[in-house]
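K.L.:
heads up, no residue letters with this:
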């Protein structure tokens with residue numbers, strides 16, 4: 001029995017696929033990929049009663065995509081299932097093709113999202129949605145066993161879907177605005193970071209009439225020579241902001257590698273990211289229906305909560321992880337609470353109207369509909385969030401653990417101790433609406449803000465998010481945190497100290 005459980009990363013399979021980076025040996029090997037490829041048809045047969053499944057396989061721009069596609073194809077057809085190769089694809093499109101009569105029963109997307117070029121991975125979909133963590137665990141257990149070859153091999157065909165996916169987005173904009181070219185007269189640029197998102201410029205924006213001059217890094221290149229395709233990356237965001245200002249654009253768009261996340265830029269070259277992005281899509285949805293529950297991750301600001309309330313909504317914080325916020329939003333709906341949106345500060349956004357699929361292109365399309373409507377009224381899109389309270393200071397600090405430390409157990413102990421300390425320290429109090437780590441409110445004379453201390457989902461890292469409503473307040477908050485954390489020998493607190 002082989003053990004491939006080390007490749008599980010939440011609801012994905014991830015590993016190092018390209019050799020050459022010191023200290024990062026290849027773990028997503030040909031043997032592992034083929035074993036998982038043989039196991040997926042068996043899992044579909046056992047769990048979904050789909051015999052000899054037709055499986056679509058797509059990939060982003062990573063340098064290892066071609067090899068992995070070949071290994072998967074060989075394994076899936078050896079198991080008796082047929083393969084439809086969709087070529088360069090976005091992750092959301094690999095789910096949407098299962099809703100469209102494309103001819104596939106399930107799909108696999110080859111991607112490692114925003115991770116460095118040497119990484120790669122696999123995402124799995126059925127018509128019901130992406131596999132959950134428990135499903136991936138079962139799949140890897142099957143891959144570790146011995147699976148016989150089928151008596152009859154499956155077939156292989158090539159058929160792209162991204163064009164139809166883009167056409168559906170164009171159709172939505174036209175139907176929502178009542179115009180064939182609602183973006184005419186607007187300069188809107190795309191930064192795809194050499195990932196899979198370049199299609200949005202040619203297949204969505206231009207048919208809608210937009211001037212796309214200034215769009216950059218649209219050609220797929222898995223070495224990511226310009227910047228990491230990641231809306232959370234400072235250099236990436238700075239690059240697209242500068243492009244918007246340089247080309248006097250009305251709007252900028254940035255995608256991650258596989259287009260399940262997005263960020264945006266205003267006509268002034270300002271980021272529409274994190275709390276601003278959540279506020280913008282929330283304002284759009286709350287204009288359509290008041291009283292909705294907006295589910296976010298745990299690091300959103302108090303200003304965002306006030307904004308959502310002021311616009312007639314209910315802010316519902318939950319723990320990080322895009323599957324976590326999506327499942328929480330689904331749970332609220334099942335209870336009869338209207339929850340149209342689950343969104344993380346990372347840019348993962350899932351709308352109920354779109355199968356609760358985290359889809360950066362769909363999110364941006366919703367923003368463009370609002371932009372077109374605002375323009376007809378002589379308004380700017382940013383006017384929708386003009387009343388968003390912004391913190392005076394915001395920072396994230398990531399503390400590391402000593403090598404070899406049992407970081408999950410030790411980190412959990414630190415957080416429990418912080419909860420006790422915060423309850424006892426004057427000027428500090430525990431936030432009532434927190435589902436992850438410990439969120440501490442700091443009184444006006446103790447930093448005038450809050451801090452969230454939590455554990456990373458997968459790494460030996462303790463991220464700390466800090467916000468203050470007062471200039472210099474972060475320094476006060478971080479100093480208090482340093483005093484509370486400096487006594488743990490297994491925790492590197494130098495970043496707090498400095």
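P.N.:
Structure's in. What do you need? Just so you know, these numbers come straight off a predicted model, no measurement behind them.
K.L.:
Please count neighbours and contacts with C-alpha atoms only from this point.
P.N.:
Will do.
K.L.:
hang on, residue 121 packs against residue 112?
P.N.:
Yes. Contact criterion Cα atoms under 8 Å: residue 121 and residue 112 qualify, at 4.9 Å.
K.L.:
shared neighbours, those two?
P.N.:
Counting by Cα atoms under 8 Å, 6 or more residues apart in numbering, the contacts common to residue 121 and residue 112 are residue 14.
K.L.:
same for the helix or strand containing residue 365, what does it pack against?
P.N.:
Element membership for residue 365 (DSSP states H and E) is helix 360-376. Helix 360-376 sits against helix 162-177, strand 251-255, strand 262-265, helix 274-288, strand 349-351, with contacts defined as 3 or more Cα pairs under 8 Å, 6 or more residues apart in numbering; DSSP states H and E.
K.L.:
roughly how far out does that helix sit from the chain middle?
P.N.:
19 Å (Cα atoms, centre = their mean, to the nearest Å).
K.L.:
where does the protein have low pLDDT?
P.N.:
Within the chain, not a single segment meets pLDDT under 70.
K.L.:
how does it divide into domains?
P.N.:
5-160, 165-385, 393-497 (automatic domain parsing).
K.L.:
Roughly how far does the closest residue to residue 63 other than its chain neighbours sit from residue 32?
P.N.:
Nearest residue to residue 63 in three dimensions, chain neighbours excluded: residue 222, at 4.7 Å (Cα to Cα, 6 or more residues apart in numbering). According to Cα to Cα, to the nearest Å, residue 222 stands 21 Å off from residue 32.
K.L.:
residue ranges for the helices of this protein, please.
P.N.:
30-48, 65-78, 91-96, 133-143, 162-177, 199, 234-246, 274-288, 302-310, 322-334, 360-376, 407-424, 473-485, 494-497 (DSSP state H).
K.L.:
Make CSV from those helices and add distance to residue 156 to it.
P.N.:
Below are the helices of the chain laid out as CSV (distance: least, Cα to Cα, whole Å):
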stretch, distance to residue 156
helix 30-48, 14
helix 65-78, 8
helix 91-96, 17
helix 133-143, 22
helix 162-177, 19
helix 199, 25
helix 234-246, 38
helix 274-288, 41
helix 302-310, 49
helix 322-334, 32
helix 360-376, 29
helix 407-424, 44
helix 473-485, 57
helix 494-497, 53
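K.L.:
so which of those is the most packed in?
P.N.:
Most buried of these, by mean neighbour count (mean count of other Cα atoms under 10 Å): helix 91-96, with a mean of 25.
K.L.:
follow-up on the earlier one: so which of the helices and strands packed on helix 360-376 is nearest residue 191?
P.N.:
strand 251-255 (4.8 Å; Cα to Cα).
K.L.:
what packs against that closest one?
P.N.:
strand 188-191, helix 234-246, strand 262-265, helix 360-376.
K.L.:
To residue 466, which of those lies closest?
P.N.:
Minimum separation from residue 466 across the helices and strands packed on strand 251-255 (Cα to Cα) falls at helix 234-246, 17.4 Å.
K.L.:
rewinding a little: right, and the helices of the chain - which one's nearest residue 193?
P.N.:
Per Cα to Cα, nearest to residue 193 of those: helix 234-246, 7.8 Å.
K.L.:
How many neighbouring residues does residue 152 have?
P.N.:
12 (other Cα atoms under 10 Å).
K.L.:
Distance check, the closest residue to it other than its chain neighbours against residue 109.
P.N.:
Nearest-residue entry for residue 152: residue 80, 5.8 Å, with adjacent residues in sequence omitted and distances by Cα to Cα, 6+ apart. In this view, residue 80 and residue 109 are 20 Å apart by Cα to Cα.
K.L.:
same deal with residue 363?
P.N.:
According to Cα to Cα, residue 363 stands 20 Å off from residue 109.
K.L.:
Residue 274 now?
P.N.:
26 Å.
K.L.:
again with residue 235
P.N.:
27 Å.
K.L.:
what about residue 232, neighbour count?
P.N.:
20.
K.L.:
Who are the contact partners of it?
P.N.:
Applying Cα under 8 Å, 6+ apart to residue 232 gives the contacts 273, 346, 347.
K.L.:
ok, the residue nearest the centre of the chain - contacts?
P.N.:
Closest residue to the average C-alpha location of the chain: residue 348 at 3.4 Å, with Cα atoms, centre = their mean. Taking Cα under 8 Å, 6+ apart, we find residue 348 in contact with 260, 261, 262, 322, 358, 359, 360.
K.L.:
Can you select the buried ones among the residues you listed for me in PyMOL?
P.N.:
The PyMOL selection below is limited to those of the contacts of residue 348 classed as buried (16 or more other Cα atoms under 10 Å):
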select buried, resi 260+261+262+322+358+359+360
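K.L.:
of the contacts of residue 348, closest to residue 493?
P.N.:
Nearest to residue 493 among those is residue 322, at 28.3 Å by Cα to Cα.
K.L.:
quick one: the closest residue in space to residue 62 that isn't next to it in sequence and residue 229, what's the gap?
P.N.:
Spatially, and ignoring its direct neighbours in sequence, residue 62 is nearest to residue 222 (3.8 Å; Cα to Cα, 6+ apart). Taking Cα to Cα as the measure, residue 222 falls 10 Å from residue 229.
K.L.:
okay, the two: which has more neighbours?
P.N.:
residue 229 (31 against 20).
K.L.:
got a list of what that one touches?
P.N.:
By Cα under 8 Å, 6+ apart, the neighbours of residue 229 are 114, 192, 193, 194, 195, 236, 254, 255, 256, 257.
K.L.:
Please apply the same query to residue 215.
P.N.:
Going by Cα under 8 Å, 6+ apart, residue 215 touches 188, 189, 190, 191, 201, 243.
K.L.:
let's see 10 Å
P.N.:
With contact set as Cα atoms under 10 Å, 6 or more residues apart in numbering, residue 215 has these partners: 187-192, 198, 201, 240, 243-244, 247, 249, 252-254.
K.L.:
Same check on residue 103?
P.N.:
If a contact means Cα under 10 Å, 6+ apart, then residue 103 has 54, 55, 56, 84, 97 as its contacts.
K.L.:
Can you tell me who the second one pairs with across the strands?
P.N.:
Put plainly, it is residue 55. The residues listed as beta-bridge partners of residue 55 by DSSP bridges are residue 83, residue 106.
K.L.:
Near it, how many other residues are there?
P.N.:
Per other Cα under 10 Å, the neighbour tally for residue 55 reads 27.
K.L.:
cool, the last one as well?
P.N.:
Neighbour count of residue 97, defined by other Cα under 10 Å: 22.
K.L.:
what about it, distance to residue 475?
P.N.:
Counting by Cα to Cα - residue 97 and residue 475 are separated by 49 Å.
K.L.:
Tell me which residue lies farthest from the centre of the protein.
P.N.:
residue 151 (40.3 Å).
K.L.:
what's the distance between the nearest residue to residue 98 once chain neighbours are set aside and residue 262?
P.N.:
Nearest residue to residue 98, sequence neighbours excluded (Cα to Cα, 6+ apart): residue 127, at 5.4 Å. Residue 127 sits 24 Å away from residue 262, taking Cα to Cα as the criterion.
K.L.:
which residues sit in contact with the closest residue in space to residue 482 that isn't next to it in sequence?
P.N.:
Leaving out its chain neighbours, the residue that sits closest to residue 482 by Cα to Cα, 6+ apart is residue 496, at 5.8 Å. Neighbour list for residue 496: 397-399, 464, 475, 478-483, 485-486 [criterion: Cα under 10 Å, 6+ apart].
K.L.:
Can you tell me the closest non-neighbouring residue to residue 201?
P.N.:
That would be residue 190: by Cα to Cα, 6+ apart, it lies 6.2 Å from residue 201.
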